[in-house]
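In: fold the following.
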Amino acid sequence: MQDLSALATHVRTELSKIIVGQREVVDQLLLVLVCGGHAVMEGVPGLAKTLAVKGLARICGLGFQRVQCTADLMPADVTGTNVFNLSSNAFSLHRGPVFTDLLLVDEINRTSPRTQAALLEAMEERQVTIDGVRYPLSENFTVLATQNPIEFEGTYPLPEAQLDRFLLKIRVTYPSAQEEMEILSQYEKGFDPHRLDKMEITPLAPGLLAAARREIASVRVEPSLHSYVVALARRTRDWPAISLGASPRAAVGLFLVARAIAGMDSRDYLLPDDVKAAAPPVLRHRLLLKPEADLEGLTTDQVINQVIAAVEVPK
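Out: As a prediction, this is how the structure comes out:
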């Protein structure tokens, strides 16, 4: 697990030059990247979500594009369109921001369902279809969508079918008082988030990301842990407080993320604790609570912890 562990250590070290604290957020961004999935980042404005993604792209040597979602954003604004070129008397493809490695879709719930759906093919197939022609996307193509948990006016909540295609839901919370003091100190020393290209950041060694992704498949999993992952997913489907449980895709995501957690911890074997650590970010956006559970003040994370406590851990 040398490559995966080295990748995690390097990114954590270099990203700490840009982001203060937020260790859990950084680790979950890493998990999304090495697992080849996509993520929803939920948090109020001003918590450095965009800065974290831009910094990650800079460290890993990946392309970065940002889409600011609005109610009038059209699918072609994301995927691109064919434009008639007068000089050549022919149509040529004007590529949209989706043709990149890391795509930050800011406030995804502010755009219409039609535009949200335009991302589905890109996320699932890593390709887009424009005027009947399919165009492949980067093998590193990753959607990192943000949404504000407070403002709901003028928003279009993501449907369950689209939420299920996101590997993780990352909760970005306020920093501690000490971390906030460190942020002010960095700004006093001249830190400028708009000039990341001027910062002394050591990029990843070429090929390290690809090697780290391959290492995940080397993590050994005992048959009892296969059963444990399946038991957790199936238990959500008949849990009293849950009206919509985890899908088979969720079980696959839980299995993949747990193996990546083990690899990032320099282990080539899976532990039940890896599965427990993966469960909240993998499942929190896929479960739909019953109205009575909401009235009782239960959160999805609390229900997930109840399910984990109810399922027998393999010896």
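
In: contacts for the helix or strand hosting residue 128 next, please.
Out: Using DSSP states H and E, residue 128 sits in strand 127-130. Contact partners of strand 127-130, identified using CB atoms under 8 Å, 6 or more residues apart in numbering, comprise 79-82, 93, 98, 118, 121-122, 134-137. (Each C-beta comes from the backbone N, C-alpha and C, glycine too.)

In: send me the next helix-or-strand element following that strand as CSV with only the CA atoms.
Out: Using DSSP H and E, the helix or strand that follows strand 127-130 in sequence is strand 133-136. Taking Å, rounded to 0.1, in the frame of the first residue of the first chain, the C-alpha atoms of strand 133-136 are listed here in CSV:
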residue,chain,number,x,y,z
VAL,A,133,-22.0,12.1,-31.4
ARG,A,134,-20.3,10.7,-28.3
TYR,A,135,-17.2,12.4,-26.9
PRO,A,136,-15.1,10.6,-24.2
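
In: what helices or strands is whatever helix or strand comes next after strand 133-136 leaning on?
Out: Following the chain from strand 133-136 toward its C-terminal end, the next helix or strand by DSSP H and E is strand 142-147. Under the contact criterion of 3 or more CB pairs under 8 Å, 6 or more residues apart in numbering; DSSP states H and E, the helices and strands touching strand 142-147 comprise helix 23-35, strand 39-42, helix 49-60, strand 102-106, helix 113-125.

In: with distance to residue 13, mean neighbour count and mean pLDDT added, can I get the ones you listed in JSON lines?
Out: Putting the helices and strands packed on strand 142-147 into JSON lines (distance: least, CB to CB, whole Å; neighbours: other CB atoms under 10 Å; pLDDT from 0 to 100) gives the following:
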{"stretch": "helix 23-35", "distance to residue 13": "10", "mean neighbour count": "21", "mean pLDDT": "92"}
{"stretch": "strand 39-42", "distance to residue 13": "22", "mean neighbour count": "24", "mean pLDDT": "92"}
{"stretch": "helix 49-60", "distance to residue 13": "9", "mean neighbour count": "21", "mean pLDDT": "89"}
{"stretch": "strand 102-106", "distance to residue 13": "19", "mean neighbour count": "25", "mean pLDDT": "92"}
{"stretch": "helix 113-125", "distance to residue 13": "30", "mean neighbour count": "17", "mean pLDDT": "83"}
